[in-house]
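A.B. asks: sequence first, predicted coordinates after that:
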Amino acid sequence: MSFDFISLFVAAVLAGTPLLLGTLGEILTEKSGHLNLGVEGMMFMGAIASIAASWAYEQMAKGAGVAASGFLSVLIALLAAFGAGAFGALIYSFLTVTLRANQNVTGLTLTIFGTGLANFCGELLGKSAGGFVTVSKVTKAAFAQLDLFGLKNSASPVLQTISKLLFQYNWMVYFAIAIALVMAWFFKRSRVGLNLRAVGESPATADAAGINVTRYKYLATVIGGGICGVGGMYMSMVNQSGVWVHNCVAGYGWLAVALVIFSTWSPLRGLICGLIFGAFTIMRLYVSIPGLAMQLYDMLPYAATILVLIVTSIRQSREHAQPKSCGTNYFREER
């Protein structure tokens, strides 16, 4: 049995980042009292939108005879991914908040819609691009690993190790961590965050206190969907190196939904959970156990998900529980 902790840790961080983004988006949504099972669909929409927008920008720059900017290409891809995920969440919000449709059914429908739409658009875009669609080397370089503080080639082995563990990831890893930290502060320290938590716990009480329940639900769900879309962007731009791959999200959205429960609706605990499940997804590449089939390695994240659901169901506490109104539509007339 071989084991390389440093390489496993680095790979776990990279593999866990899209899970973290999906988890953060769903935490924000559920804090408003809505259970959106369409994370997978929104991640798919963000994945195809980021590639399509970046590729379209590069084609326009090429047609204009100017060099494409890596920074501008990344910015366009980021906005497109967030917008696509937010658009999917807006559809969900309209159906569940305004029309009061069943949240579970609507979320599942969004997953089917987003998955089918992304795969269809990906194949269509690939045909128009001459077989398959991929972004240029300039854009790929913008998603490459960084070397913060220039410690990669340090003369000290200790500094090299620290640099590898902390300072050599792509910018999206640090972006996801920043979102988690800001979100943790937002829920605990900001007035708007406390109002949002009140809406998720008891929308009738929040409404009676003068809080606009509908506005909070819409904003939290739409922004949460946008964050999920950015998670899909990571899958297509980083994991697949800017090449559209059919079904590239590959169930990560469903794992993110489970991680919301595992992290007990806490963005900070979501950081740890994303790292753990990221390690599970790539364990077979770094921990070799003779005689253990590869299929059993691939089952680890899903087996861990089942175990987590069982444990959290048994050990329920008020502090770490799901928002009380989550999954239930709010009827103001019944207040």
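C.D. replies: Everything's here; your move. None of these values were measured; they are calculated from a predicted model. Residues are numbered from 1 along each chain as shown.
A.B. asks: please save the CA atoms from the helix or strand of the chain with the lowest mean pLDDT in PDB.
C.D. replies: Least confident helix or strand, the chain: helix 294-314 with a mean of 77, by mean pLDDT, DSSP states H and E. Only the C-alpha atoms of helix 294-314 are listed here, as PDB (Å, rounded to 0.1, in the frame of the first residue of the first chain):
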ATOM      1  CA  MET A 294     -11.300   0.200  -8.900                       C
ATOM      2  CA  GLN A 295     -15.100   0.200  -8.800                       C
ATOM      3  CA  LEU A 296     -15.100   0.000  -5.000                       C
ATOM      4  CA  TYR A 297     -12.900   3.100  -5.000                       C
ATOM      5  CA  ASP A 298     -15.400   4.900  -7.200                       C
ATOM      6  CA  MET A 299     -18.200   4.000  -4.800                       C
ATOM      7  CA  LEU A 300     -16.500   5.700  -1.800                       C
ATOM      8  CA  PRO A 301     -18.100   9.200  -2.200                       C
ATOM      9  CA  TYR A 302     -21.600   7.700  -2.500                       C
ATOM     10  CA  ALA A 303     -21.100   5.200   0.300                       C
ATOM     11  CA  ALA A 304     -19.800   8.000   2.500                       C
ATOM     12  CA  THR A 305     -22.900  10.100   1.500                       C
ATOM     13  CA  ILE A 306     -25.200   7.300   2.700                       C
ATOM     14  CA  LEU A 307     -23.300   7.000   6.000                       C
ATOM     15  CA  VAL A 308     -23.400  10.700   6.500                       C
ATOM     16  CA  LEU A 309     -27.200  10.900   5.900                       C
ATOM     17  CA  ILE A 310     -27.700   8.100   8.500                       C
ATOM     18  CA  VAL A 311     -25.500   9.700  11.100                       C
ATOM     19  CA  THR A 312     -26.900  13.200  10.700                       C
ATOM     20  CA  SER A 313     -30.500  11.700  10.900                       C
ATOM     21  CA  ILE A 314     -29.700  10.000  14.200                       C
END
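A.B. asks: and it, how far from the chain's centre?
C.D. replies: A distance of 19 Å separates the centroid of the chain from that of helix 294-314, by CA atoms, centre = their mean, to the nearest Å.
A.B. asks: same check, this time on stretch 139-157
C.D. replies: Worked out by CA atoms, centre = their mean, stretch 139-157 lies 24 Å from the chain centre.
A.B. asks: what comes up buried for that stretch?
C.D. replies: If you call a residue buried by 16 or more other CB atoms under 10 Å, then stretch 139-157 has these buried ones: 139-140, 142-143, 151. In short, each C-beta sits where N, CA and C put it, glycine included.
A.B. asks: if you count contacts, what does the helix or strand that residue 172 is a member of end up packed against?
C.D. replies: Following DSSP states H and E, one finds residue 172 within helix 171-189. Applying 3 or more CB pairs under 8 Å, 6 or more residues apart in numbering; DSSP states H and E, we find helix 171-189 packed against helix 5-31, helix 191-201, helix 213-234, helix 267-286.
A.B. asks: excluding residues flanking it in the chain, which one is nearest residue 327?
C.D. replies: In space, and not counting its chain neighbours, residue 327 is closest to residue 35: 4.4 Å by CB to CB, 6 or more residues apart in numbering.
A.B. asks: ugh, wrong one, residue 30
C.D. replies: Using CB to CB, 6+ apart, the closest residue to residue 30 is residue 326 (5.2 Å).
A.B. asks: no further questions, thank you.
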